[in-house]
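J.: Need the 3D shape of this:
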Amino acid sequence: EPAERCALLLQAAAATLRAGDIDRGHALCHEAFQLARALEDARLMAQAALTYGSAFAVGKVDPDLLRLLRDALAALDARPGRAGDAADAGLRARLQGRLAAALQPAADPAEPIAMARQAVALARSTGDRRALFETLTSAISALMDFAPAAEHLELSREYAALAEEFNDVPAQFRAHTVLFIDGLELADPQLMEAAMAHCERLARRIDLPHYQWRVHSARALQAVIHGDLDAAAQRLQRAQEAAAQAEDRMAEMTLSIQAFGLLGARGETARDVIDAAQQRIARAFEACGADDVFTRPLIARQRLRLGDESAAEVVCSPGTVDRLIAMREMSNIQVVGECAVLREDRELARRVFDLLSPAPPRCGHAGLYGMCWNGPTALTLARLSTLLGDAAQARSYLEEAMKVAELMGARATLLEIQAELERLAGTSDHAELQAATQSVPHGTYRTIELVAAGDFREVRFAGRTAALRDSKGLQILARLLDHPGREFHVLDL
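T.: A predicted model of the protein is given here:
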């Protein structure tokens with residue numbers, strides 16, 4: 001029977017999509033949808049559209065999915081005798097929630113955000129916990145990165161609990177990856193660690209590379225925050241190996257962004273290396289047919305750090321900046337603000353400050369889409385305040401940024417903040433150390449400490465601590481200080 005064939009096609013499609021074979025799974029969904037349309041079965045059409053949409057593509061608007069969802073909604077609304085039907089209401093909530101997620105990233109995110117909230121409310125009104133669970137699956141994606149963190153954290157926790165209740169292991173994995181990002185935005189490292197530990201257990205249980213690369217990617221992000229860039233590079237390599245086994249094109253999109261972000265964290269200055277990493281991002285996005293607008297501020301910031309202002313403007317033109325600001329995705333606006341500081345563009349700095357300052361996320365990030373940490377948002381606000389000439393406001397933000405960095409265990413970021421506080425106060429680490437040295441008797445060199453902290457070293461002396469970017473020279477000094485009185489041949493250093 002055609003209806004039975006349609007149901008079997010959808011079962012096969014769901015299993016194929018969960019195994020990570022997206023193209024084959026989508027083809028099966030299309031076949032089932034056309035069969036359901038021929039049968040004039042609105043509910044089967046809805047199931048086919050929802051199954052197609054069960055594989056979430058981060059940062060990409062899929063026109064095929066939009067068409068399937070809208071056609072299914074229209075067919076459901078036209079179904080005779082649907083008034084007051086709780087089953088249809090639950091199905092409509094699921095379709096509307098998935099449509100909201102499918103519209104993101106939208107030029108104006110307000111519409112899909114409102115649609116997602118309405119879908120959740122409709123699902124709750126039915127009293128059907130399965131309908132609520134499946135609606136939350138989509139609504140969380142529509143709200144993530146756009147709605148306030150406290151709102152989607154509450155929904156993420158509810159979604160995780162429902163995934164446990166229904167023993168849906170892939171949904172449990174997804175819920176905890178979302179909780180990981182919620183913890184990042186809220187500067188809650190305990191939530192991040194608990195969520196990712198849960199993901200690790202689930203990835204071992206599922207034992208598919210489609211899930212394993214996500215765990216390695218998240219661990220790489222945590223390592224970057226802590227300043228352990230070698231560990232981050234190792235984890236990123238493992239993520240890339242797992243993604244290659246999974247043949248997951250969306251993974252290459254995320255990992256190419258994350259690799260580019262790691263170069264920035266390392267302070268990479270070789271233009272050929274930056275060029276190659278940027279080209280890798282371009283290839284990944286072309287293969288997925290995704291919009292690269294959210295990568296542009298990240299690339300522009302790195303170009304500006306290298307002094308390539310013209311290249312930065314090509315990547316992130318005034319039109320792109322206007323589009324990003326209109327979308328009001330605060331973590332990307334944060335990076336636009338960093339670009340304004342590097343360019344000393346006070347007009348753009350004012351625009352970004354006015355958008356970012358009323359209710360900033362505690363930490364900026366590139367979400368599941370890019371898996372990069374942008375640092376405390378207060379640090380960016382401090383830099384914007386300095387550029388705009390408000391030193392008192394800048395100091396207040398730097399003090400807030402220091403609290404966030406301490407919470408996150410971000411030692412290299414703490415050193416950056418300390419250096420900015422000292423610059424703001426008009427002091428020089430080198431001058432302070434020199435003055436202190438002149439007043440200290442000979443032999444007290446033993447009290448000097450050079451402590452590695454990611455790409456920086458803390459120089460601790462006479463009750464003061466200075467932040468210096470690590471170098472071969474500092475590494476040699478650290479070795480000499482660790483062995484007072486010992487002679488070294490120059491070739492041994």
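J.: When you work out contacts or count neighbours from here on, use the C-alpha atoms and nothing else.
T.: Noted.
J.: quick one, helices of the stretch 1-150 of the chain?
T.: With DSSP state H, counting those that start in this stretch, the ranges of helices along the stretch 1-150 of the chain come out as 2-18, 22-38, 42-52, 63-77, 86-102, 110-126, 129-143, 149-165.
J.: Helix 22-38 and the shortest one, what's the angle between them?
T.: Relative orientation of helix 42-52 and helix 22-38, computed by axes from the mean of the first three to the mean of the last three C-alpha atoms, to 10 degrees: 170 degrees.
J.: The helix or strand hosting Ala478 packs against which elements?
T.: Here Ala478, judged by DSSP states H and E, is contained in helix 472-482. When contacts are defined as 3 or more C-alpha pairs under 8 Å, 6 or more residues apart in numbering; DSSP states H and E, helix 472-482 sits against strand 449-453.
J.: which non-adjacent residue is nearest Gln393?
T.: Once its chain neighbours are removed from consideration, Gln393 has its nearest residue in Ser385; the separation is 6.3 Å (C-alpha to C-alpha, 6 or more residues apart in numbering).
J.: avg pLDDT for the helix or strand hosting the one you found?
T.: Ser385 is part of helix 377-387 when elements are defined by DSSP H and E. Taken as a whole, helix 377-387 has a mean pLDDT of 97.
J.: Remind me what that helix packs against, helices and strands.
T.: Packing partners of helix 377-387 (3+ C-alpha pairs under 8 Å, 6+ apart): helix 330-343, helix 346-356, helix 391-408.
J.: Residue ranges in the chain under the pLDDT threshold?
T.: Low-confidence segments of the chain, defined by pLDDT under 70: 58-59, 81-84, 427-449, 453-456, 460-466, 469, 482-493.
J.: residues in contact with the residue nearest the centre of the chain?
T.: Within the chain, one residue has its C-alpha closest to the average C-alpha position: by C-alpha atoms, centre = their mean, that is Gly367, at 1.8 Å. The contact partners of Gly367, by C-alpha atoms under 8 Å, 6 or more residues apart in numbering, come to 145, 181.
J.: So it versus Arg157, what's the distance?
T.: Spatial separation of Gly367 from Arg157 under the definition C-alpha to C-alpha, to the nearest Å is 17 Å.
J.: Over to Glu286?
T.: On the measure of C-alpha to C-alpha, Glu286 and Arg157 end up 34 Å apart.
J.: repeat for Val293
T.: 30 Å.
J.: Check Leu450 too.
T.: Noted for Leu450: a distance of 43 Å to Arg157, by C-alpha to C-alpha.
J.: ok, these two, which is more surrounded?
T.: More neighbours surround Leu450 than the other of Leu450 and Arg157, with 23 against 15 (other C-alpha atoms under 10 Å).
J.: Check which helix or strand the residue nearest to that one when sequence neighbours are not counted maps to.
T.: The shortest distance from Leu450 to any non-neighbouring residue, by C-alpha to C-alpha, 6+ apart, is to Val459 (4.8 Å). Take DSSP H and E as the rule and Val459 turns out to sit in strand 456-461.
J.: I'd like the distance from the closest residue to Ala160 other than its chain neighbours to Leu155, if you could.
T.: With sequence-adjacent residues excluded and distances taken as C-alpha to C-alpha, 6+ apart, Ala160 is closest to Ala175, at 5.1 Å. According to C-alpha to C-alpha, Ala175 and Leu155 sit 10 Å apart.
J.: So for these two, which residue has more residues nearby?
T.: A side-by-side neighbour count of Ala175 and Leu155, using other C-alpha under 10 Å, places Ala175 first with 26 against 19.
J.: Give me the three-state assignment for that one.
T.: Ala175 falls in the helix class when you classify it by DSSP: H, G, I helix; E, B strand; the rest coil.
J.: got a list of contacts for the helix holding Ser385?
T.: Helix 377-387 is contacted from outside by 334, 337-338, 340-341, 344, 346, 349-350, 353, 356-357, 360-364, 391, 393-398, 400-401, 417, using C-alpha under 8 Å, 6+ apart.
J.: hmm, 6 Å instead?
T.: By C-alpha atoms under 6 Å, 6 or more residues apart in numbering, the list of residues contacting helix 377-387 from outside reads 349, 362-364, 394, 397-398, 401.
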